[in-house]
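*Asks:* One predicted model, sequence on top.
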Amino acid sequence: MDEEQLVPATESAPASAAVATLAPEPNEQAMPPSEPLDLGELQEMTPAALQELFVRFDLRLNPSRTRHQSIVDLVRHALTRGQQVRTSGWLELPNDGPAILRSPRLNFLPLPEDVGVSHQLIRQFSLRPGQALAGTVRLPREREKGLMLDRLLSIEDQPVEEWQAPDRVRQPDSALPGRPNHAGEQFC
């Protein structure tokens with residue numbers, strides 16, 4: 001559902017009338033481009049609220065698609081219209097695949113609306129599995145599958161500007177009981 005569907009023209013209406021139905025009515029409220037969508041909120045919406053959002057975007061729900069596939073369709077359509085979409089989740093780095101943000105609300109299950117994380121972002125911010133991330137979503141580029149994280153907004157609930165990656169090897173503050181400390185003395 002990446003493209004808008006035209007309403008078929010009836011035999012009594014001219015072909016130009018079918019094209020005119022794509023333009024919103026003057027009294028119809030369109031979603032302002034400054035109001036970002038949140039992927040987590042879309043997942044929690046009731047079916048009626050999700051249907052209303054589809055109507056606001058001039059889309060039709062396809063009954064043969066699952067709820068999660070419909071959410072992906074809505075997000076893709078919003079991104080093509082220039083709408084900002086935000087997401088948050090926990091970073092998963094599987095050994096045999098791309099890095100993904102998983103949602104704890106959905107029991108970390110693989111879903112169509114999972115957002116991929118590029119290796120460039122992982123290296124740039126020294127990200128590790130299990131970290132909580134929040135950011136904006138973009139459409140996939142060449143050789144990418146699914147939605148991708150475009151820009152990080154926060155890591156572990158800290159703004160990206162304030163984030164400092166932890167050291168690779170963490171040194172204990174003091175020696176463990178029964179083990180020698182840095183001076184070689186026994187710790188009682």
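*Replies:* Received, thanks. In this text, all values refer to a predicted model and were calculated from it rather than measured experimentally. Residues are numbered from 1 along each chain as shown.
*Asks:* What average pLDDT does stretch 61-68 get?
*Replies:* Mean per-residue pLDDT for stretch 61-68: 90.
*Asks:* hey, where'd the strands end up in the chain?
*Replies:* 37-38, 85-92, 99-102, 115-117, 132-138, 147-155, 158-159 (DSSP state E).
*Asks:* Surely Leu79 touches Val137?
*Replies:* Yes. Counting by Cβ atoms under 8 Å, Val137 is a contact partner of Leu79 at 6.9 Å. C-beta coordinates here come from the backbone N, C-alpha and C atoms, glycine included.
*Asks:* So between these two, which is more surrounded?
*Replies:* It is Val137, of Leu79 and Val137, that has more neighbours when counted by other Cβ atoms under 10 Å, with 25 against 19.
*Asks:* Point out where this structure drops to low pLDDT.
*Replies:* Where the chain drops to pLDDT under 70, the residues are 1-34, 168-188.
*Asks:* how about the nearest residue to the spatially most central residue of it, chain neighbours excluded?
*Replies:* Taking Cα atoms, centre = their mean, the centroid of the chain lies closest to Thr87, which sits 3.7 Å from it. Setting aside the residues directly before and after it, Thr87 is nearest to Leu39 in space (Cβ to Cβ, 6 or more residues apart in numbering), at 4.1 Å.
*Asks:* what's the burial count for Arg65?
*Replies:* Residues near Arg65, counting by other Cβ under 10 Å, number 14.
*Asks:* ok, the closest residue to it other than its chain neighbours to Leu50 distance?
*Replies:* Nearest non-adjacent residue to Arg65, counting by Cβ to Cβ, 6+ apart: Asp73, 7.0 Å away. To Leu50, Asp73 is 11 Å away according to Cβ to Cβ, to the nearest Å.
*Asks:* When the two are compared, which one has more neighbours?
*Replies:* Each of Asp73 and Leu50 has its neighbours counted (other Cβ under 10 Å); Asp73 has more, 21 against 18.
*Asks:* looking at it, that one is touching Arg60, isn't it?
*Replies:* No. When contacts are counted by Cβ under 8 Å, Asp73 is not listed as touching Arg60 (9.9 Å).
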